[in-house]
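# Sharing a model prediction with you, sequence too.
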Amino acid sequence: MAQFESGGIAIAYDDVGPKDAGRPVILIHGFASNRNENWRRVGWYGALERRRLRFIALDCRGHGESGKPHDPAAYAPAEMIDDIFALMDHLNVPRADLMGYSMGAHLALAAALAKPERVGDLILGGIGGRILEPPRAGAPLAEAMEVQNIDEISEPLMKSFRQFADEQGEDRLALAACARARSSLLGREEISRLAVPTLVVAGARDQLAGDPQDLAATISGARAVTLPACDHFSAIAHVLFKAAFFDFLDGTLE
């Protein structure tokens, strides 16, 4: 594990693969996850290494082995997006492909809109048409992290996130702060201005993401892949996700 400091917060990361392999891929994990759970354990590290690609996976602030402040202000979208570019600067990477899942996909999309000159290909997993809808009222995800007794959480999806966070041994108060800071980063009009090659991937049963085609239709030239029989938590490991990713990078995605 390596670390650097971004905005006063320690950010942990892995930099894997040959440095002369061309444009690297930055991997940005989902909420309550981390680089090891989201990417290494489910086979992404191995798949990328077999292709001899350079990839850089970070633990977003509040997650994994990175710093975990309990102040929601530390998780403002601009701060978390800055961490991505600060990591690239730290490693002298002028331009990279970005692949994010769920929360990480929201951040990757916002980063590509903020600095398109620094982004090559963009792969968005675990999000879809729901991103175009008005944000949900309240802070149910933060509340699910804050409650002491998990059995008090009545909504199945929120309970699943809490169980996942507990399984990873994450800091629930840091996650709650992160959830309270999150809001809809982008609207339909802003997303429609995206001008980098984009792939959107989500499970057919992912009610949190919605239809990936709905989001892809908003982005000029974007492609969409729906993973059969997958929900939000199972799609990340699916072999068809990896196949679509490599085909997209190779320019052969049908």
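Great, that's in hand. Numbers count the residues shown, from 1 in each chain.

# Tell me the spacing between Asp171 and Ala139.
Distance of Asp171 to Ala139, computed by C-beta to C-beta, to the nearest Å: 17 Å. For every residue, glycine as well, the C-beta is placed using N, CA and C.

# before we move on, what about Leu98?
Separation of Leu98 from Ala139 (C-beta to C-beta): 27 Å.

# Which one of the two is surrounded by more residues?
Taking other C-beta atoms under 10 Å, Leu98 and Ala139 do not tie; Leu98 has more neighbours (26 against 16).

# check contacts around Ala47.
Lys242, Phe246 (C-beta atoms under 8 Å, 6 or more residues apart in numbering).

# so it sits in a helix?
Yes - under DSSP: H, G, I helix; E, B strand; the rest coil, Ala47 sits within a helix.

# what does the model give it for pLDDT?
Confidence at Ala47, expressed as pLDDT, is 97.

# hey, where'd the helices end up in this structure?
For the chain, helices defined by DSSP state H occupy the ranges 35, 44-50, 77-90, 103-114, 140-146, 156-168, 172-181, 188-191, 212-216, 239-250.

# how close does the residue most central in space within the chain sit to Leu122?
For the chain, the residue nearest the mean C-alpha position is Gly104 (1.6 Å; C-alpha atoms, centre = their mean). Separation of Gly104 from Leu122 (C-beta to C-beta): 12 Å.

# residues touching the residue lying closest to Leu208 once chain neighbours are set aside, list them.
In space, and not counting its chain neighbours, Leu208 is closest to His232: 4.7 Å by C-beta to C-beta, 6 or more residues apart in numbering. His232 sits next to Ser102, Gly126, Leu157, Gly203, Asp206, Gln207, Leu208, Ala209 when contact means C-beta under 8 Å, 6+ apart.

# His232 and Pro140, how far apart?
Taking C-beta to C-beta, one finds His232 at 15 Å from Pro140.

# Over to Ala202?
According to C-beta to C-beta, Ala202 stands 21 Å off from Pro140.

# of the two, who's got more company?
Of the pair Ala202 and Pro140, Ala202 is the one with more neighbours under other C-beta under 10 Å, namely 33 against 16.

# Help me confirm that that one comes into contact with Ile127.
Yes - in this structure Ala202 lies within contact range of Ile127 using C-beta atoms under 8 Å: 6.5 Å.

# Now the common contact residues for those two.
Ala209, Gly210, Pro212.

# In TSV: the residues you listed, plus distance to Val93.
Shown next, in TSV, are the shared contacts of Ala202 and Ile127 (distance: C-beta to C-beta, whole Å):
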residue	distance to Val93
Ala209	28
Gly210	32
Pro212	28
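
# Of those residues, which is the nearest to Asn149?
Nearest to Asn149 among the shared contacts of Ala202 and Ile127: Ala209, at 28.6 Å, using C-beta to C-beta.

# Can you get me a residue count around that closest one?
26.

# Export stretch 192-202 to PDB, keeping only CA atoms.
The C-alpha trace of stretch 192-202 is given here as PDB (Å, rounded to 0.1, in the frame of the first residue of the first chain):
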ATOM      1  CA  SER A 192     -25.500  15.800 -21.900                       C
ATOM      2  CA  ARG A 193     -22.400  18.000 -22.400                       C
ATOM      3  CA  LEU A 194     -20.000  15.100 -21.700                       C
ATOM      4  CA  ALA A 195     -17.600  14.700 -24.600                       C
ATOM      5  CA  VAL A 196     -15.400  11.700 -23.800                       C
ATOM      6  CA  PRO A 197     -16.100   8.100 -24.900                       C
ATOM      7  CA  THR A 198     -18.300   6.500 -22.300                       C
ATOM      8  CA  LEU A 199     -19.600   3.000 -21.400                       C
ATOM      9  CA  VAL A 200     -22.400   2.600 -18.900                       C
ATOM     10  CA  VAL A 201     -22.900  -0.800 -17.200                       C
ATOM     11  CA  ALA A 202     -25.500  -1.900 -14.700                       C
END
